[in-house]
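Student: what's the 3D shape of this:
(one chain, ligands or ions: 1)
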Amino acid sequence: MAIYPQARVMLIAQANQGEAILRNRVNFHTAVTDASSLYPYFSQPDRPCSHFYVAENGVVEQYIDTRWRSSADYEGNDATISIETWDGYGRVWTSGSPPPWNAAQVRSLKALTLWILRTHRSIPPRLARDSIPGPSSFGLSWHRLGIDPWRHPQGMHYSTAYGKICPGDARVAQVPGILAHVKTDTTLTEDNQMLIIRRASDGATFIVIGGRGAGVKNTADLSAYRAAGVQTVNLSDPGYSEAQARYLTTA
Ligand SMILES: [Zn+2]
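Tutor: Here you go, the predicted structure:
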């Protein structure tokens, strides 16, 4: 179970997309809505659902346990924790870009993001640069990094839409402020996100998550790192990222 202690917990059972083995990034979204809750919308069948919603007054609703995948980030769903945010569409703005997050939202986004990185320590405390499978897309990210025409040509699609600005320039400009808050926790280090691939003598292939995994050379090493708490993923496990594996096997 990974439930944010400050959240208004409103789990939507059918939104659960299976276990998220890898967690590489947080994706910020803007919801293009004036709704105080996305629960009624997300509760309908076949609606891509995010893990969280941050409302106008800063209330955080949680729809999916972060242990599970959400469906808000298309090719990034396997390893992305998604946060939707109120933007007052139809009342506060009707055309152009969403306004910046208000003060209550910024406070909530800082606290929520810090909790996510403390809970899922494979997500590094830095800004993602693109949606390419691998380290450059890890960290604090946003939807349009994986939306054309902003998407890097080698990047994953976080949406099939074209030109969707989510979450908009004003909100993208606020992400470094959220990161600065996260970095006040000095136990969160870049080291957590180093990924090492290893082929065991039995032919099984592993992703080892954690900088301490750098020294893995044999199965005895692997056992020792696992015993020390380094997260490992067996590529034969259901739900691993094909794109991730391709990156790792060619890096
Ligand atoms: Zn979005």
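
Student: Contacts only, for V9.
Tutor: Applying CB atoms under 8 Å, 6 or more residues apart in numbering to V9 gives the contacts 3, 61-62. In this view, the C-beta of every residue, glycine as well, is placed from N, C-alpha and C.

Student: Return the backbone torsion pair for G139.
Tutor: Per-residue torsions, G139: phi 110, psi -140 (degrees, to the nearest 10).

Student: which residues does it bridge with?
Tutor: Per DSSP bridges, the residues bridged to G139 are R25.

Student: Distance of the spatially closest residue to Y63 that is not a sequence neighbour relative to the ion?
Tutor: Spatially, and ignoring its direct neighbours in sequence, Y63 is nearest to I12 (4.8 Å; CB to CB, 6 or more residues apart in numbering). Using CB to the ion, to the nearest Å, I12 is found at 17 Å from the ion.

Student: swap in R67?
Tutor: 22 Å.

Student: where do the helices sit along the stretch 51-200 of the chain?
Tutor: With helices called from DSSP state H, counting those that start in this stretch, the stretch 51-200 of the chain shows them at 103-119, 169-172, 175-182.

Student: Those: which one's closest to the ion?
Tutor: Closest approach to the ion among the helices of the stretch 51-200 of the chain (CB to the ion): helix 169-172, 10.4 Å.

Student: Show me which residues of the protein sit near the ion.
Tutor: Proximity of the chain to the ion (CB under 5 Å from the ion) is limited to residues 29, 143, 166.

Student: Highest neighbour count among these?
Tutor: Ranked by neighbour count (other CB atoms under 10 Å), the residues of the chain next to the ion have H143 at the top, with 29 neighbours.
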